[in-house]
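Asks: give me a model of this one.
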Amino acid sequence: METAKHLRFILEYYFIFARFSKNNAYLCTRFLFYNSMYKPIFLQREIIVFRHFQRKGYSLFACLGREVLISVLSVATLSATKAAGISDETWRVDSTKAVSEVWLDDVAVTGSRAPLTKSQAARMVTVLSREDIAQAPVQSINDLLKMAVGVDIRQRGALGAQTDISIRGGTQEQIMILLNGINICDPQTGHNALDLPCDLSDIVRIEVLEGPAGRVYGTSSLVGAINIVTSAQCTPDEGSDTGTPRRDISLALEGGSFGYARFGAGMKMGDSDDPLHLAISAGTTRSDGYSRSAEGHLNTDFNALKAFLHGNYDNDRLRAAWHLGMSNRQWGSGTFYATPRWQADEQYEKTRKVFSAVTVENKKGFVHFQPAFYWNHNYDNYQGYRDRPDIMKFNYNRTNVFGWKLNGYFDWTFGRTAFGAEVRLEDLVSGNLGEPLSEPIHISGTDRDYTLGISRTNLSAFLEHNILLDRLTISAGFVAAKSSKSDMSLTVYPGIDVSYRIGNNAKVFASFNSSLRLPSFTEMYYKLQGYAADPHLKPEEMQAVEVGAQYASPLLQTKVTAYYHHGKNMIDWIMDTNIQDWNVWQSVNHTRLNAYGIEASVTADLSQLRQQPSALPTLHLSYSYITQDKDLEPGIVSQYALEYLRHKLVASAQSNLWRQLSLRVGLRWQDRVGAYTTFDGDIRDYRPYALMDARLQWKAPRYTVYAEVNNLLDNRSYVDFGNVAQPGAWFTIGARYTFRL
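Replies: Okay, here's the model as predicted:
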């Protein structure tokens, strides 16, 4: 008690002295120093960690008389920062107003295997923060990722019913999706990669690492990786008592066009100072869909149920984190996978997924170890004709992925060295994919058996060293990979990243990285209704060079990047219309595929021009251009690898209109290379299109009310996938409320 009184006495006089003094940082510091020296008991207590910083006249750093940056780069729409090897801590930056509070927790986010500080990071990553998520006019993670200029989202249906996601001209199979640093990709197919157990409200940030990421995340990250980071910690309120146990309950309700409805609830337990934090959430979503089949039946309806448990424990010696999630989805697939030969418009699909992982890290000792164990379960029931197995048998697939990985790093005279390894077992049983099983396995709830299957074990090891100088960072290393189902021997894929800081706001960077990807089981074995896969496909390999520069200040953030990708044995589905059996898609390896691209972005927070809060908007503009040097021969149609976004433009404006009322408007324009074959047999080029979204929001400390519209201009003529109709304008209203127990 006496210590607390003494501390309060010192701080009160410190603030008073700072408020009535000008440019007196030296005297303020000496005041605290002498008081501490003459009170020995003060030095025997815990170190004070300041977690709340406000732009008030009486604030702790006001006496410095200058701007202070505290390990946070505040951004408005998209941030160029660093990626996380295993980034499970949380951070929060409210950049919508210059005077808003900033909360900072201990964050280790890096584009290398070993954790580095923001100023040291050599590789740049796009980060969508909590505020980007809260302000964006979207209802799904799929729609949110459209904001990242280097990401290509191709949707079959609305609200993420089924989405193919790629980076820098790649395919949906060539990227890695991670949940809290754990690889959750399904080796069966990449079509349902974003079928996640967590909700948008669970996510604290999304990190997009563009380019080969084998050295950082392991194999399968051929053209990039997306790490979705959730938080189990309660968001502190201004003036809250950190000594009081926290139990935050949140409720969310949405409704909109085409019978869309969503309900979600969650609870978080644990204050910022508590060692244990737990969070649990659940939600359900449904819609009647936006179209009907030729017979008048629902064919784009969907419903989903998900639940997610996330926790972490953190003390002086160790840090542990775990998650357990479930996703159960069913959706009408319309003409999603139809071909000119097979023009089915009542396809249907059901998926059920379970994700679990445990990660532990020691915080003391010369070597920091971070072992992780995970299990992912995926069940897929695809129906070519909805509820009509007499016409076409349902396709059942079940995969189990078990993984163990170890990350470690240590510091020594010449920098920071990281090392580790991963063992990943992928097992599939199916009614259509794989090789004959020795004994059939019964499919629960049906009269069918799994008669086919395939298993493979993927091994990888890595080594990396980071040289950290005053302004220069060099990060170099390699990943060595081997798979039991590949003819390749143990192969090494090296990489190096270099960055140089110019002053406090600018940085230039360059990198060379390489990686590989094994073919999915669908690419190897799928043979039904106009599809013919090749079980002898070779693994894909990629080498990439990237150079760029960035500038970041409270007013302006800019970034420009140029890159070159050299791909070998790239996998694609093609159709040869020159032959008699022209309407069959075949999986093939392209011998080589080179891509060249440039990305540029600029964000201006005009509210920084005034000292007081204002309605001046935050403006964002980004552009991406890609070209490939491989042209298809006449009559050859590509379905994935050669259908890429040559141009993509993203623009947004956000402004606080009045008090807590804000408006955000976004525009996305894109032009895709490639063509598709219509049901009449005509080859038609993809045409450029533009979509506009808007969100009007009232945000109070405990609740948020909003109205938004996707495809504001009601564009119904655009095509993301051939022969798949898209919805027009989609209206949504919703509310979220949080209260404390």
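Asks: below-threshold pLDDT in the stretch 51-200 of the chain: ranges please.
Replies: 51-111, 117-119 (pLDDT under 70).
Asks: one more: the chain?
Replies: Within the chain, the stretches falling below the threshold (pLDDT under 70) are 1-111, 117-119, 235-245, 529, 579-583, 613, 631-635.
Asks: residue ranges of the strands in the stretch 451-600 of the chain, please?
Replies: Defined through DSSP state E, counting those that start in this stretch, the strands belonging to the stretch 451-600 of the chain, from first to last, are 472-483, 491-502, 506-517, 531-532, 540-552, 556-576, 585-605.
Asks: so which of those gets nearest Ser652?
Replies: Nearest of these to Ser652, taken as CB to CB: strand 585-605 at 9.1 Å. Yep, even glycine has a C-beta here, placed from its N, CA and C like the rest.
Asks: what is that closest one packed up against?
Replies: Strand 585-605 is packed against strand 531-532, strand 556-576, strand 618-628, with contacts defined by 3 or more CB pairs under 8 Å, 6 or more residues apart in numbering; DSSP states H and E.
Asks: please redo it, this time with the cut-off set to 10 Å
Replies: strand 79-81, helix 521-525, strand 531-532, strand 540-552, strand 556-576, strand 618-628, strand 636-638, strand 645-658 (3 or more CB pairs under 10 Å, 6 or more residues apart in numbering; DSSP states H and E).
Asks: among these, which is nearest Pro137?
Replies: Closest of the helices and strands packed on strand 585-605 to Pro137 is strand 645-658, at 9.6 Å (criterion: CB to CB).
Asks: after the closest one, next one along is what?
Replies: Toward the C-terminal end, the helix or strand that comes next after strand 645-658 (DSSP states H and E) is strand 661-672.
Asks: buried ones in that following strand, by neighbour count?
Replies: Of the residues in strand 661-672, those scored as buried under the neighbour-count criterion (16 or more other CB atoms under 10 Å) are Ser662, Leu663, Arg664, Val665, Gly666, Leu667, Arg668, Gln670, Arg672.
Asks: list the contacts for the closest residue to the fifth one other than its chain neighbours?
Replies: Meaning Gly666. Distance criterion CB to CB, 6 or more residues apart in numbering; nearest residue to Gly666, sequence neighbours excluded, is Ser652 at 4.2 Å. Contact criterion CB atoms under 10 Å, 6 or more residues apart in numbering gives 76-78, 132, 135-137, 147, 603, 617-622, 664-668, 693 as the residues in contact with Ser652.
Asks: give the buried subset of these as a PyMOL selection command.
Replies: PyMOL command restricting these to the buried ones, with burial defined by 16+ other CB under 10 Å:
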select buried, resi 76+77+78+132+135+136+137+147+603+617+618+619+620+621+622+664+665+666+667+668+693
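Asks: re the thing from before, beta partners of the residue nearest to Gly666?
Replies: Each beta-bridge partner of Ser652 is listed here: His620, Gly666, as defined by DSSP bridges.
Asks: circling back to that earlier point, in TSV: the buried residues of strand 661-672, plus distance to Arg592.
Replies: Formatted as TSV, the entries for the buried residues of strand 661-672 read as follows, by distance: CB to CB, whole Å:
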residue	distance to Arg592
Ser662	48
Leu663	48
Arg664	42
Val665	42
Gly666	37
Leu667	36
Arg668	31
Gln670	26
Arg672	22
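Asks: quick one, which of the helices and strands packed on strand 585-605 is nearest to Asn589?
Replies: Closest approach to Asn589 among those (CB to CB): strand 556-576, 4.5 Å.
Asks: show me which residues of that closest one are buried.
Replies: Of all the residues in strand 556-576, those buried under the rule 16+ other CB under 10 Å are 557-559, 561, 563, 565, 567-576.
Asks: check stretch 726-741 too.
Replies: Gln726, Pro727, Trp730, Thr732, Gly734, Arg736, Thr738.
Asks: go on, stretch 442-454?
Replies: Counting neighbours by 16+ other CB under 10 Å, the buried set in stretch 442-454 is Ile443, Tyr450, Thr451, Leu452, Gly453, Ile454.
Asks: out of those residues, who's nearest Ser638?
Replies: Nearest to Ser638 out of the buried residues of stretch 442-454 is Ile454 (CB to CB; 26.1 Å).
Asks: tell me, how many residues neighbour the residue nearest to that closest one when sequence neighbours are not counted?
Replies: Computed as CB to CB, 6+ apart, the closest residue to Ile454 that is not its neighbour in sequence is Gly434, at 3.9 Å. Gly434: 21 surrounding residues under other CB atoms under 10 Å.
Asks: what's the distance between Gly434 and Ala533?
Replies: Computed as CB to CB, to the nearest Å, the Gly434 to Ala533 distance reads 11 Å.
Asks: got any residues that touch both of the two?
Replies: By CB under 10 Å, 6+ apart, Gly434 and Ala533 have these common neighbours: Phe521, Met524, Tyr525.
Asks: most surrounded residue in the residues you listed?
Replies: Highest neighbour count within those, by other CB under 10 Å: Phe521, with 27 neighbours.
Asks: that one and Ser587: what is the separation?
Replies: Where Ser587 is concerned, Phe521 sits at a distance of 11 Å (CB to CB).
Asks: same question for Ala700.
Replies: Relative to Ser587, and taking CB to CB, Ala700 is found at 53 Å.
Asks: more neighbours: these two, which one.
Replies: Neighbour totals were compared for Ala700 and Ser587, and Ser587 leads with 24 against 10 (other CB under 10 Å).
Asks: so what strands line up beside the host helix or strand of Asn227?
Replies: Using DSSP H and E, Asn227 falls within strand 224-230. Strand 224-230 has the following strand partners under DSSP bridges: strand 175-179 (parallel), strand 203-210 (antiparallel).
Asks: the longest one vs strand 506-517, what angle?
Replies: The directions of strand 203-210 and strand 506-517 differ by 80 degrees, with axes from the mean of the first three to the mean of the last three CA atoms, to 10 degrees as the criterion.
Asks: just the CA atoms of strand 203-210, as CSV, please.
Replies: Coordinates of the C-alpha atoms in strand 203-210 are reproduced here as CSV (Å, rounded to 0.1, in the frame of the first residue of the first chain):
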residue,chain,number,x,y,z
ILE,A,203,-9.8,-11.9,-35.9
VAL,A,204,-7.3,-9.3,-34.7
ARG,A,205,-5.4,-9.1,-38.0
ILE,A,206,-4.8,-10.9,-41.3
GLU,A,207,-1.2,-11.0,-42.7
VAL,A,208,-0.6,-11.5,-46.4
LEU,A,209,2.9,-12.6,-47.4
GLU,A,210,3.3,-12.3,-51.2
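Asks: next secondary structure after that strand?
Replies: Stepping forward along the backbone from strand 203-210, the first helix or strand reached (DSSP H and E) is helix 214-217.
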